[in-house]
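Asks: Sharing a model prediction with you, sequence too.
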Amino acid sequence: MANGPFNRHASGEQPPRSNEVPSGRGAEYTGRYVVLLDPGSQESGLNALRSAADIALVERVSGAGTTNIAELLENPDVSVYFEELGAAVVEVRADQRHALVTAAEADPSIIAAEPERVVYTSVITAPQQAPAEFFPAYRSDEETVERHTKAEMAVAQGPALDEQKWTWGLQATRASLTSLTGRGVKIAVLDTGVDTGHPDLVGRIEDTASFVPGETVEDGHGHGTHCIGTAAGPAGPRQGPRYGVATEAGILAGKVLSNAGSGADGQILAGMAWAVAHGARVISMSLGAPVRPGELFPQTYEQLALRTLQRGTLIVAAAGNESRRPQSVKPVGRPANCPSILAVASLDQSLTTSFFSCGAINGAGGEIDIAAPGRDVHSAAPGGGYQSMSGTSMATPHVAGVVALLAEANPKARAADLRTSLLSGAFPLTQPVEDVGSGLLQAP
């Protein structure tokens with residue numbers, strides 16, 4: 001049932017908690033396990049883990065309260081159980097990990113147990129900018145970027161769109177034409193936080209929470225503020241074109257990634273529980289980790305996505321930026337590769353698939369569901385300003401914003417119905433479904 005090695009570190013060594021982006025490639029693990037329990041026999045499952053693997057003391061937390069959750073997740077002597085999700089992040093000694101997996105396979109009250117992964121922001125450095133740093137999960141390759149000259153970019157982008165009033169993303173998705181605003185609908189963005197003092201966002205943020213130890217919700221990275229701006233920026237920004245899709249939606253800003261752009265599954269689970277408890281109709285996650293060709297989707301995230309759907313919340317996630325098209329197409333990363341999470345691909349202004357956008361090469365669970373503008377996207381930046389960024393990260397909040405518009409138009413719709421409406425309303429493209437799914441995102 002495990003999705004990786006029992007011990008990526010030296011035996012008995014407590015794996016470091018990752019607040020900085022490491023330089024290595026490939027899967028990274030924290031040493032903890034994410035365990036999903038049967039809703040009807042959760043205590044039985046926890047008892048089985050205590051008996052078989054001597055897991056650390058279990059602290060129960062509610063998504064409605066955020067006090068000390070970040071610190072609990074950081075404590076090597078504590079396992080954290082999220083009551084809304086029926087899931088736990090379990091601390092277990094290195095010599096007991098095999099016993100934990102064996103118990104999970106044998107006990108029917110334990111649905112899944114998988115090693116906790118490290119995740120990263122899903123952004124790519126724009127080719128015309130000087131690369132400052134690269135993230136090993138969804139990272140740009142510096143030499144490849146340098147080969148994409150300004151002339152090549154101009155050809156790839158196609159005809160220029162007039163962005164005096166609206167960004168090209170709002171025009172391509174027809175969000176600039178709809179009368180819907182997302183009023184009365186909450187969008188949760190789980191990312192690097194938000195600039196709570198940004199003039200365009202003041203008064204729009206309904207709640208915030210940080211699940212990163214030692215860091216407030218303030219965005220020291222820029223990724224989270226940018227994504228929030230795209231999903232729910234105002235109709236009349238202080239400066240420049242309109243860039244937000246759902247201009248009156250309520251914003252829930254959950255910080256699950258550090259100012260360096262990294263986090264772990266446990267922080268994301270905490271953010272998911274918090275978002276569901278606070279009534280989010282859609283959760284936008286521009287983050288993830290890479291997977292190998294042929295690797296199965298994580299059962300924990302899939303089952304949790306199904307549970308959030310049942311509670312009325314749809315999850316959308318970035319497909320990943322590891323491709324180098326046309327030479328190389330990499331598989332959709334996790335957790336976007338889960339069937340019940342919408343995987344979002346990136347498009348250029350010419351409505352062609354962005355060179356970095358991952359594709360559906362892993363079969364069941366690794367599909368692309370829909371495509372949205374992700375290249376050179378203008379949005380909010382910390383400090384009250386603006387910036388352009390590229391990546392499937394930038395495509396994903398466009399989708400979250402449109403889900404909010406659909407929820408406003410159909411307030412009694414189930415989350416599964418919103419998903420169906422979203423996909424059926426996409427504009428078909430000429431690219432293969434493996435690259436763009438149902439097609440170009442369209443606002444209702």
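Replies: Okay, I see it.

Asks: Now do the buried residues in stretch 29-47.
Replies: 29, 30, 31, 32, 33, 34, 35, 36, 37, 42, 45, 46 (16 or more other CB atoms under 10 Å). From N, CA and C alone the C-beta is placed, and that goes for glycine too.

Asks: Spell out, range by range, the helices that occur in this protein.
Replies: 42-53, 69-74, 97-106, 142-147, 150-157, 168-172, 223-232, 265-277, 299-310, 392-409, 415-424, 433-436 (DSSP state H).

Asks: Run through the residues that contact residue 86.
Replies: 36, 37, 38, 39, 42, 307 (CB atoms under 8 Å, 6 or more residues apart in numbering).

Asks: follow-up on the earlier one: rank the helices of the chain by mean pLDDT and give me the bottom one.
Replies: For those, mean pLDDT drops lowest on helix 142-147, to a mean of 34.

Asks: contacting residues for residue 208?
Replies: Residues near residue 208 by CB under 8 Å, 6+ apart: 193, 194, 196, 217, 252, 253, 254, 255.

Asks: follow-up on the earlier one: from the buried residues of stretch 29-47, which two are the most distant?
Replies: 29 and 42 (24.6 Å; CB to CB).

Asks: quick one, strands of the stretch 151-300 of the chain?
Replies: For the stretch 151-300 of the chain, the strands defined by DSSP state E, counting those that start in this stretch occupy 186-191, 205-210, 250-255, 262-264, 282-285, 287-288.

Asks: Switch those strands over to CSV; also include distance to residue 270.
Replies: Formatted as CSV, those follow (distance: least, CB to CB, whole Å):
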stretch, distance to residue 270
strand 186-191, 9
strand 205-210, 8
strand 250-255, 8
strand 262-264, 10
strand 282-285, 12
strand 287-288, 14
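
Asks: For these, give me a markdown table that also has distance to residue 433 and mean pLDDT.
Replies: What follows is the strands of the stretch 151-300 of the chain, written out as a markdown table (distance: least, CB to CB, whole Å; pLDDT from 0 to 100):
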| stretch | distance to residue 433 | mean pLDDT |
| --- | --- | --- |
| strand 186-191 | 27 | 98 |
| strand 205-210 | 36 | 97 |
| strand 250-255 | 31 | 98 |
| strand 262-264 | 31 | 93 |
| strand 282-285 | 22 | 98 |
| strand 287-288 | 21 | 94 |
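
Asks: where in the stretch 51-200 of the chain is pLDDT low?
Replies: Scanning the stretch 51-200 of the chain for pLDDT under 70 picks out 64-67, 122-160.

Asks: For residue 416, see how far away the residue nearest the centre of the chain is.
Replies: Residue closest to the mean C-alpha point of the chain, counted by CA atoms, centre = their mean, is residue 285 at 2.0 Å. Going from residue 285 to residue 416 by CB to CB, to the nearest Å gives 18 Å.

Asks: Centre of the protein to the edge, which residue is at the far end?
Replies: Most peripheral residue of the chain (CA atoms, centre = their mean): residue 51, 34.4 Å.

Asks: give the contact list for it.
Replies: residue 103.

Asks: Looking at the contacts of residue 86, point me to the pair that's furthest apart.
Replies: Checking these with CB to CB, the most distant pair is 42 and 307, at 12.5 Å.

Asks: wait, doesn't residue 278 sit right on residue 186?
Replies: Yes - using CB atoms under 8 Å, residue 278 is in contact with residue 186, at 6.8 Å.

Asks: if you count what's nearby, which of the two comes out ahead?
Replies: In this view residue 278 and residue 186 are compared by other CB atoms under 10 Å, and residue 186 has more residues nearby, 22 against 18.

Asks: ok, how many other residues are close to the closest residue in space to the more buried one that isn't next to it in sequence?
Replies: Leaving aside its sequence neighbours, residue 186 sits nearest to residue 250 (CB to CB, 6 or more residues apart in numbering; 4.3 Å). Other residues near residue 250 number 22, with proximity taken as other CB under 10 Å.

Asks: Please apply the same query to residue 312.
Replies: When neighbours are counted by other CB under 10 Å, residue 312 comes out with 17.

Asks: quick one: contacts for it?
Replies: If you count contacts by CB under 8 Å, 6+ apart, then residue 312 has 281, 414, 415 around it.

Asks: Out of those residues, which is nearest to residue 326?
Replies: Closest to residue 326, out of all of these and judged by CB to CB, is residue 415, at 35.8 Å.

Asks: Roughly how far does the closest one sit from residue 313?
Replies: 6 Å.
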